[in-house]
Structure formats: structure tokens, C-alpha cells
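**Q** Following is a predicted model, sequence given first.
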Amino acid sequence: MKITDLEDLVERDREHRCEGYGAARVCVRVVGVARLPTRFGDFRIVAFWNNRDAGDHVALVRGDVIGQPDVLTRLHSECLTGDALGSLRCDCRDQLEAALRALGRAERGILLYLRQEGRGIGLMNKVRAYALQDRGLDTVDANLALGFRDDERDYAIAAHMLASIGPASVRLMTNNPQKIDQLRAHGIEVSGRVPLVLPPNRHNRNYLRTKALRSGHWIDLDGILDEQSEE
């Protein structure tokens, strides 16, 4: 069928089956689309079913994105403590709100909200990792001590979600090279990168420093150190 609007995706995907993306063979299908007015602007929310877990992954879509090039896009992994509770241990809520403000000003854009809490280790293990960080471990060593990798997230599901929505290419708002590499590996054309670095606070400086030094994120350490010296 010819797809001209997001609502068409529900009917298109009603019987969708595919070999799936990534090592886990993740397959998704669009199951619902609705209007979502927000304090950041008007969006449509797209709900996805997937064949691997009970995670209710969603997309917020601004404007007409189907077949469009260079669509401003953000992949945001769920962070209950930051996004909902306002934790200062991370920059997740700052990044989410900055991305939504940018998308709200754009003609078109996409935000994928991925249910990959705690870099994919889940909420309970994230709290256990916090406890280890309280004893002096950084975020990487805390995850390793619990038997996980630094980052357990898999962006195959994000790639399939974007393929389902259908932008021709995306400009990705990210500081994480893994997001770009994984999307490209799964056939998504990433035409550019938009940095998303927010000012640190005294609670998340070590977190951001670890992201830069040990996880390879594109974060200006000079800016973090400058902020620290001003306190």
C-alpha cells in the first residue's frame, strides 16, 4: 500500500513479519498513532509492538517525515530517575528536554523513546550500580562489577523503528558514536550529527567525564573542568 501518513502505518503493519534486525532478530510493527500536544510543541505519538520483550517503545513525530531527507532525530533511552524524578546524577532529563525543544521548533523531526533503562541493565540493577558508585566506582566499573558490559543497549530496535516510519535519512542528535555506528550497520542513513552537550552540575561531572574518557562520547572535557574550577 502507498504510505502517505503515519496513520497508514497501522494498517500496513497489521500482518507485518520480517527476519528482524540485529543478533536478536528484533521485529517491530506500528500498532497505534495519536496526537500528542506537549509543552514542547505538537507531536504524534507512535506505539510499537516488538517480538522480543514487553518494552513499550514509542516515537514522537513532528511534521511530515515519511520519505524526507535529513530529519532531525533523537534516540533517547528511558531514565526513570532522571526523566521523571529529576535526578542530578545524570544528564538524561536535560538531554530529553533539549531534544524536545529543538524538535518542537523544527519543521519535522523524530524522537524515539527506548525502554532501555540504565543503559540496558534495568531499573533494579541501575539502583545497585548507583550504590557501587556511592562507594567510589565510576559508572563503567559499577556495571562491570555487576556482571554487565559498560553499555548493554542495542539499537537494532531503533533502526527497525526508523525504517518503519520511513525517513530517507536522519540527522542524529547525539554525543554517542555507538548510536551512529549501529544505525548505519542496520541500514539507516545518518546524514549528519547534531551535538547535544548540556552544562554539567556538581553531581554529574564524574558521570560525564567517564562518558568521555571511558565510553568514547564526544563531550568537551575542558568545559566540564572549567565549570568545576568556577565553584
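**A** Perfect, I can see it now.
**Q** N143 touches R149, doesn't it?
**A** Yes - assessed by Cβ atoms under 8 Å, N143 is found in contact with R149 at 6.8 Å. Bear in mind the C-beta positions are built from the backbone N, C-alpha and C, glycine included.
**Q** Mind checking which of those two has more residues around it?
**A** Taking other Cβ atoms under 10 Å, N143 and R149 do not tie; N143 has more neighbours (25 against 12).
**Q** Mind telling me what element that one is part of?
**A** N143 is part of helix 139-145 when elements are defined by DSSP states H and E.
**Q** Local confidence estimate at L225?
**A** Here the pLDDT value assigned to L225 is 54.
**Q** Kindly apply the preceding question to H76 instead.
**A** Reported pLDDT for H76: 97.
**Q** residues near it, how many?
**A** Neighbour number of H76 under other Cβ under 10 Å is 21.
**Q** I'd assumed it was in a strand, is it?
**A** Yes - H76 forms part of a strand when assessed by DSSP: H, G, I helix; E, B strand; the rest coil.
**Q** what's the domain layout of this protein?
**A** 8-116+153-198, 200-231 (automatic domain parsing).
**Q** got the end-to-end distance for stretch 167-182?
**A** Using Cα to Cα, to the nearest Å, one end of stretch 167-182 lies 17 Å from the other.
**Q** about what we covered before: most packed of the domains of the chain?
**A** domain 8-116+153-198 (a mean of 18; mean count of other Cβ atoms under 10 Å).
**Q** what's the span of that one from first residue to last?
**A** So domain 8-116+153-198: terminal residues 37 Å apart, Cα to Cα.
**Q** if we can go back for a sec, elements contacting the helix holding N143?
**A** helix 123-134, helix 205-214 (3 or more Cβ pairs under 8 Å, 6 or more residues apart in numbering; DSSP states H and E).
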